[in-house]
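Novice: Need the 3D shape of this:
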Amino acid sequence: MNKTTEGWICGLVGVAIFSGSMPATKLAVTGFDPVFLTAARAALAAVLGALCLARLRASPPARTDGWPLVTVALCVVVGFPLLSAMALRHMTASRSILFLGLLPLATAFFGVLRGGERPRAPFWLCSAGGAGLVVLMAARQGGGGFGIADLTMGASVLLCGLGYAEGGALARRLGGWQVICWALLVAAPFMTLVALMLCPPSLHGIPPAAWLGLGYVTVFSMLVGFIFWYRGLALGGIAAVGQVQLLQPFLAFALAAVLLHEAIGWPLVLTAAGVACCVAGARRFAARVTPIEPTRA
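Specialist: Numbers count the residues shown, from 1 in each chain. Sure thing, here's the model as predicted:
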């Protein structure tokens, strides 16, 4: 298997894991404050990350990697989880998926700025077409006008795109698992303090679904998914592999239907087929980059 194909497979696995993030967060905020949830998931995931780094005897990152790691921490450990959790207190999981359709474009845009990639014009057409299909479909599903929750979710998507691009570029040197583990440790002192300050006075009465949601976003959304995702971006290209995210809303809709009983129908299936064609087109016309094996995978 060549490295580019491996990158796309890793990216797809990462997206499949991330697809459960919005429904799981929706479950978690039924029992936890969004700020506490953000801090707790990061602090708990940092413990797992520290264990991974110690067990595999990872070398400390170079000084030049310090600010990129801070950027990743601020964007994907703090910013996106916090803003999306706040938004999900006032919107359905289905409506939040509307904004996920814009994430591949945001990732590709920051991939150009931070990763030095130059996709061709047909790539942008396929990416925009796929994003348009997702947004139209999600708008039809979600309904309603725009409000503060929508602006909050939109800001979270921009931060997430920057964090993905920065982490994907950094993973070319460190390896995907080290990027997220070190980023979690960077944010750990602050997030642990916030979690302790906002910890509920009593854990009795918190529904089991909220605990399940917290467990998922801690282990999978905050750690395991990023291990696959950042490796995929490093091997296959940030802008190119980032288009796999166009499939995330459809996986998330399926989970929302099963876990949250939110309705889906045939229009969703047909739109998913159109989006799959756009992803295939984006892969075909993405700028050809030399796959880079992370130096510390």
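Novice: Output the below-cut-off pLDDT ranges for the stretch 101-250 of the chain.
Specialist: 115, 135, 137-146, 249 (pLDDT under 70).
Novice: try 90
Specialist: Applying pLDDT under 90 to the stretch 101-250 of the chain picks out residues 101-154, 157, 168-169, 171-176, 200-205, 233-250.
Novice: can you give me the strands in it?
Specialist: In the stretch 101-250 of the chain, no segments count as strands under DSSP state E, counting those that start in this stretch.
Novice: now the helices for it?
Specialist: 103-115, 121-142, 148-174, 176-198, 208-216, 225-236, 238-242, 248-260 (DSSP state H, counting those that start in this stretch).
Novice: what is the orientation angle of the longest one with helix 176-198?
Specialist: Think helix 148-174. On the basis of axes from the mean of the first three to the mean of the last three CA atoms, to 10 degrees, helix 148-174 is oriented at 140 degrees to helix 176-198.
Novice: cool, and the fifth one?
Specialist: Computed by the same axes, to 10 degrees, the angle separating helix 208-216 from helix 176-198 equals 140 degrees.
Novice: Using CSV, write out every CA atom in helix 208-216.
Specialist: Extracted C-alpha coordinates of helix 208-216, given in CSV (Å, rounded to 0.1, in the frame of the first residue of the first chain):
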residue,chain,number,x,y,z
PRO,A,208,-25.9,7.7,32.2
ALA,A,209,-26.1,9.1,28.7
ALA,A,210,-24.1,12.1,29.8
TRP,A,211,-21.4,9.9,31.2
LEU,A,212,-21.3,7.9,28.0
GLY,A,213,-21.0,11.1,26.0
LEU,A,214,-18.1,12.3,28.2
GLY,A,215,-16.4,9.0,27.8
TYR,A,216,-16.6,9.0,24.0
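Novice: ok now that helix, how far from the chain's centre?
Specialist: Here helix 208-216 is found 18 Å from its chain centre; the criterion is CA atoms, centre = their mean, to the nearest Å.
Novice: Check which residues of it are buried.
Specialist: Buried residues in helix 208-216, counting neighbours by 16 or more other CB atoms under 10 Å, are found at 209-210, 213-214, 216. (Glycine included, C-beta is placed from N, CA and C.)
Novice: coming back round to it: right, so the helices of the stretch 101-250 of the chain: which one is the most enclosed?
Specialist: helix 238-242 (a mean of 31; mean count of other CB atoms under 10 Å).
Novice: Report the distance from that one to the chain centre.
Specialist: 13 Å.
Novice: For that helix, which outside residues touch it?
Specialist: 7-8, 10-11, 103-104, 107-108, 110-112, 114-115, 117, 119, 123, 164-165, 168-169, 232-233, 235, 282-283, 286-287, 289 (CB atoms under 8 Å, 6 or more residues apart in numbering).
Novice: Same check on stretch 54-61?
Specialist: Counting by CB under 8 Å, 6+ apart, 52, 69, 174, 178, 181-182, 296 sit against stretch 54-61.
Novice: same deal with stretch 203-223?
Specialist: Under the criterion CB under 8 Å, 6+ apart, residues 17-18, 20-21, 24-32, 37, 40-42, 44-45, 48-49, 77, 81, 180-181, 184, 200 lie in contact with stretch 203-223.
Novice: Quick check: ChimeraX command selecting the buried ones in those residues.
Specialist: Per 16+ other CB under 10 Å, the buried members of those correspond to this ChimeraX selection:
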select :17,18,20,21,24,25,26,27,28,29,31,32,37,40,41,42,44,45,48,49,77,81,180,181,184
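Novice: thinking again about what came up before, can you add distance to residue 157 and give the buried residues of helix 208-216 back as CSV?
Specialist: Below are those laid out as CSV (distance: CB to CB, whole Å):
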residue, distance to residue 157
209, 25
210, 24
213, 20
214, 22
216, 20
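Novice: For residue 149, state which of those is nearest.
Specialist: residue 213 (18.4 Å; CB to CB).
Novice: if I look at residue 182, how far off is residue 152?
Specialist: Per CB to CB, to the nearest Å, residue 182 is found 28 Å from residue 152.
Novice: Could you do residue 128 as well?
Specialist: Relative to residue 152, residue 128 is positioned 24 Å away (CB to CB).
Novice: Check whether residue 103 really touches residue 156, as I assumed.
Specialist: No - look at residue 103 against residue 156 with CB atoms under 8 Å: they stay out of range, at 9.6 Å.
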